[in-house]
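Student: only geometry, no sequence info:
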């Protein structure tokens, strides 16, 4: 990969650490600020909608305006968002910041970073190495998210035990999120021109999406990814943490430990996914590992104790993310090099769009005792439907390394 690859891995690790820490405390922090469940849900939806619009604008222009420049812009917006959320509880200001900034309520990737980094990595890799490197890329992010979740819950509890309020503990995490955005600015500033799109093809006429020859397949994949993310939006990490808090009274420190283990298992599974894909193919790996994880998701709210619910959640995480590096590698394999940022951006925007509405609905369900478990049932059912449709549509379309 060279030095640029190392820098991209470092930036992802920093970012996912911040996302993991924030996801455990964000809803608790906003509730401590006095916001109602409806306003919290609206903020989460505004965050995802804003990230979607931002990602669309940046990623469809990154190949032409410079991948490095767009990564720097995203890091600056991430730092700004964390600073504003930490400094004020004014709902209108928070809503505006959530819409134009970069925040992750789920612990997963948001904003323009992932599509551009995928395109940049693919630029310096052979086809035969792409899925394997993407698997390690996923592992680095999951490990960082896990460590961030553990740190977020632990720091919040430690600050409270030291005599300060829970609000102060949560606020510390949000300020740390802003600081990591500044650190990413420094990392991205050192990227070289090797990560940029091939200049000899940039003059080709493209659509407004930044695509030309690959438009049809990218749009078909985008529709399916949107369905998957719409289902996943009902169980973003912040809402699941809040569900455990409401259902079982789980403390922030325990929540941090749960999601530390969950994200670590998810990251380790990515390495296994690369090996499975080398034997049965990318699409089969995506579907055959995703289906059972969604069945487990349906069963989590049926558990009578926190221990059993946690156990099933961890089992689900141990296989739920195997489709991530395989999905990313599959998209990069099907498009031309000068379309990679745009293709990853369009599919990423589709995922963000799908996930933008469901957190609001999920938060409203959590406000009613009788509806608390509905988000799990909706998420599991919709994601199973996605798996079946994906296999039917793309099982016969193989990437170059499988032909």
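Tutor: It's in. Fair warning: this is a prediction, and the values are worked out from it, not measured in the lab.
Student: give me the number of residues near residue 162?
Tutor: 9 (other C-beta atoms under 10 Å). For glycine as for every other residue, the C-beta is placed from the backbone atoms N, C-alpha and C.
Student: er, residue 115 I mean
Tutor: 30.
Student: same for the host helix or strand of it, what does it pack against?
Tutor: Element membership for residue 115, per DSSP states H and E: helix 113-123. Other helices and strands packing on helix 113-123, by 3 or more C-beta pairs under 8 Å, 6 or more residues apart in numbering; DSSP states H and E, are helix 2-32, helix 37-65, helix 67-87, helix 127-161, helix 323-334, helix 340-366.
Student: who wins for proximity to residue 302 among the ones you listed?
Tutor: Nearest to residue 302, of all those, is helix 340-366, at 15.9 Å by C-beta to C-beta.
Student: give me the buried positions along the closest one.
Tutor: Judged by neighbour count (16 or more other C-beta atoms under 10 Å), helix 340-366 contains these buried residues: 340-356, 358-366.
Student: the next helix or strand after that helix packs against which elements?
Tutor: For helix 340-366, the succeeding helix or strand toward the C-terminus, using DSSP H and E, is helix 374-394. Helix 374-394 sits against helix 215-232, helix 282-299, helix 340-366, with contacts defined as 3+ C-beta pairs under 8 Å, 6+ apart.
Student: so which of these comes closest to residue 81?
Tutor: The closest of the helices and strands packed on helix 374-394 to residue 81 is helix 340-366. By C-beta to C-beta, the value is 15.2 Å.
Student: check which helix or strand covers the residue lying closest to residue 285 once chain neighbours are set aside.
Tutor: Excluding its sequence neighbours, the residue lying closest to residue 285 (C-beta to C-beta, 6 or more residues apart in numbering) is residue 277, at 4.3 Å. According to DSSP H and E, residue 277 maps onto helix 252-280.
Student: and that helix with helix 2-32, angle?
Tutor: 140 degrees (axes from the mean of the first three to the mean of the last three C-alpha atoms, to 10 degrees).
Student: what's the average pLDDT for helix 252-280?
Tutor: Taken as a whole, helix 252-280 has a mean pLDDT of 83.
Student: got a pLDDT number for residue 226?
Tutor: pLDDT recorded at residue 226 is 91.
Student: count of neighbours near residue 275?
Tutor: Burial measure for residue 275: 12 neighbouring residues, criterion other C-beta under 10 Å.
Student: for residue 240, see how far away it is.
Tutor: To residue 240, residue 275 is 29 Å away according to C-beta to C-beta, to the nearest Å.
Student: so what secondary structure elements neighbour the helix holding residue 277?
Tutor: Using 3+ C-beta pairs under 8 Å, 6+ apart, helix 252-280 sits against helix 2-32, helix 127-161, helix 237-248, helix 282-299, helix 306-320, helix 323-334.
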